[in-house]
Every structure is written in C-alpha cells, then in structure tokens.
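S.K.: have a look; sequence and predicted model below, questions after that.
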Amino acid sequence: MTALRSTVKPKALVGLFPALVGIGGVQEASRQTAAALDAIARSNGWRTIFLGLNDTPGECHFTYDGRDIIFRGFGRAKISFLFCAAQAAWGGARMVVAAHPNLAVAAECMKLVSSRLKVIVMAHGVEVWQPLPRYRRRALLRADLVVAPSTDTTTKLNTTQGIPVQKIRRLPWSLSPDFIRMTRTASLPLPRGFPQGSVILTVGRWVASERYKGVDDLIHATVQLRTRIAGLHLVAVGGGDDIGRLQRLVTELDAQDYIHFLEGLSRDELAACYAQADVFALPSSGEGFGLVFLEAMAFRKPIVGAAIGGATDLLEHRVNGLSVLPHDEESLAQALSLLLLDDSLRSDLGRRGAEIVRHKYSFEVFQDDLRHIVQECSANS
C-alpha cells in the first residue's frame, strides 16, 4: 500500500455518519466505509475521529471483520454533533468524509474552521435524484469530491444537483467479509415461519415512503403464478410502517397461506433465508445501489430487478438474473416463472452472480478504491 507523502498527510481523518449501528443499506454502507477508512488511516499513520449523528450517545463501537471500530454517537443531537465536528477541524483534521449528502453541511461548517480541510461527500441514491434544498446543494457543490455507488446516481449528481463531472467518483459498495463467510456455513438457522416449497425471497424496509421497492407488484405476481406453480411462496423479510397495509392486501387477495412477512431476523437467519430461497426479487424503481442484490448473488441465487436506477449496475440480463420493466406485474411474473420452472437456468445465473461478487464486490476491492479516492483528494491540497 502506497503511503502519501508526509507533506500532504492529514493529521486526522474525520468520518461523519448518519448511523453506524442498525439495520439498513445506509447503515451497512456506513460501517464498511468506516472500516475501510480506519484501515487506510492506520496504514498512513493518521488518527481517526468517527461521529454517528443518530447513534446512541457516548462512546460506541462495532466489529467489522474482526476489528473493533470506535466512534462517538450523538442521539440525534445536531448541535453537539456540529460542535464536535468543528472541534475536530480546529484540532488539526485535514480531511473529512461525510457519508451522506445531508452531512455535507456539517463538513462545510468544518471547512469554515479550517480552510485547509479537504471534503469528500458520499451519496447513496434516491436522496439526490431530486433537487436538494439550496443550502444542502451549496454544501455538496463545495465538496472537493462527491462519491456515489452507481452509474445512475453519479449521472444524477451531475444532471440534477449540478456537480461537475470532474468532481464525481463512482465507488460501488461491497459485501462484508463476515457475510461472505456465511455463504460457506453448512448449517444456518432458518427463522420460524419460513415455508417449504418453491420460494421467492425479497428483502427490504417496508415503509410508506419507500413503496417504490415494488413489494405490491411482487405480491400480485405471486398470486398470479400460484395458479401455475404448485407450492409457491413469497417471503418478504424486513419491517416498517407499511407492513399493516401490505398484510391487509394479502388478506384481500386470500393469499395468507403462501405470502409471508418475517421481521426482526438475525443476520444468520437472514443468511439462511438467502440459502433456502430459489429466486431473489426486488423490482424497485428507486434503488441507489441495492446491497441485497449482492447478498443474494453471494448465495448463488438468480436475481430479478427493475431495469432502472442503481440496480442496472448489478443486474446483467441473462448473466446473473433477469431484468423487468418497472411497475409491470406481467413482465415480473414472466421472469419469475421462467426462473422457477428452469432449474438449469437458475443454477447458471446463480453461479455467475457469485463469481461477479467475488471478483468485483469484495471488501478488499472497495477499500482499495476508497484508498485511491482519499489519496487523490489529499494530493490536491
């Protein structure tokens, strides 16, 4: 690993995160970012200061690939969060990585304290697909580099937010080494209520503000397919404030016997669901990337997704899965039927998906790519 020249080494590397503990794609992306930054800092002799806005107040930690990552949580206390970030800038920080566009304002405040500070802001997806409020957009524009996980989101940063192309970098998320290891575990604990038979699996947060995930379409497609594929089940893993509405829809369709909602699963139980499912599907029209696609691919499952947004980077039609039109129940049902009725096709697509994950989306690849971005930003001091 090439260290930066001593003349451009920041005295401290600061990471600003929305949350480092909890379930969700943003939280998982934040953890892998913090772990990668920790390794990058250690290899260059830098200090790290990690702050989690929405995490439990006080000193906290999480373990990533056997390493203990220490950070400070603020329990949504924004003023205290800003004050601590400003203190870090005043105390000699030379770089800050804001792991969400909403935290670009905090990074901008840090730069007012220390004009030498270099700023990298990370976007995730749908939060930058519409014009941001003026003050947030201004802070984003003032960052030295802006990073996004998918080709689609990098394009939106330019066309919707006005970020110059030369300041945008693509940095795909990865799977954690711990999750990859679970794909080689012989016995994983299946959660109570997981059905026997042919299983379509979907994983997400089922909240009213994210109905673009497409679980309604999956429910209707499963009802349609049930008449053709005996013993077919849909398992939707995840919680959220939209679960009640979805369960009422299932009741109206008289599908309670074969459409199941599983909440509060452990990581091992989730892995077991991937291992036992036949097909993974998330026909979302608003994914900035879609870590759950990678998780399914790691377990050698063919994936079905909508040909829109960040999923288009991960899903290669008839290579590792099948792409469908957004909000099109008929094309969704056809794709699922094709996979469920063709064992050989499922096996081939699943095998290729696992190979793609291993070669393109390992944590080592992510860490190395982030290292180059940090080095580039530091070298431009």
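M.R.: Cool, the structure landed.

S.K.: how about the strands in the protein?
M.R.: 12-17, 47-52, 58-64, 67-73, 93-98, 118-122, 145-148, 168-170, 198-203, 232-237, 259-262, 279-282, 303-306, 321-324 (DSSP state E).

S.K.: what helices and strands are in contact with the last one?
M.R.: Yep, that's strand 321-324 we're talking about. Applying 3 or more Cβ pairs under 8 Å, 6 or more residues apart in numbering; DSSP states H and E, we find strand 321-324 packed against strand 303-306, helix 329-340, helix 343-360. C-beta here means a position set from N, CA and C on the backbone, and glycine is covered the same way.

S.K.: rerun at 6 Å
M.R.: Applying 3 or more Cβ pairs under 6 Å, 6 or more residues apart in numbering; DSSP states H and E, one finds that strand 321-324 makes contact with strand 303-306, helix 329-340.

S.K.: and the ones you listed, which is most packed in?
M.R.: Neighbour counts (mean count of other Cβ atoms under 10 Å) averaged over each of those peak at strand 303-306, with a mean of 28.

S.K.: take the helices and strands packed on strand 321-324 and lay them out in JSON lines including distance to Arg352 and mean pLDDT.
M.R.: Listed next are the helices and strands packed on strand 321-324 as JSON lines, based on distance: least, Cβ to Cβ, whole Å; pLDDT from 0 to 100:
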{"stretch": "strand 303-306", "distance to Arg352": "11", "mean pLDDT": "97"}
{"stretch": "helix 329-340", "distance to Arg352": "13", "mean pLDDT": "97"}
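
S.K.: quick one: closest of those to Thr48.
M.R.: strand 303-306 (35.1 Å; Cβ to Cβ).

S.K.: show me how this structure divides into domains.
M.R.: As given by automatic domain parsing, the domain ranges for the chain are 6-174+362-379, 178-360.

S.K.: picking that back up, and the strands of the chain: which comes nearest Gln130?
M.R.: strand 145-148 (14.8 Å).

S.K.: what residues of that closest one count as buried?
M.R.: Using 16 or more other Cβ atoms under 10 Å as the burial criterion, the residues of strand 145-148 that qualify are Leu145, Val146, Val147, Ala148.

S.K.: rewinding a little: could I get the helices and strands packed on strand 321-324 as CSV with distance to Arg31?
M.R.: CSV is the format used below for the helices and strands packed on strand 321-324 (distance: least, Cβ to Cβ, whole Å):
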stretch, distance to Arg31
strand 303-306, 23
helix 329-340, 32
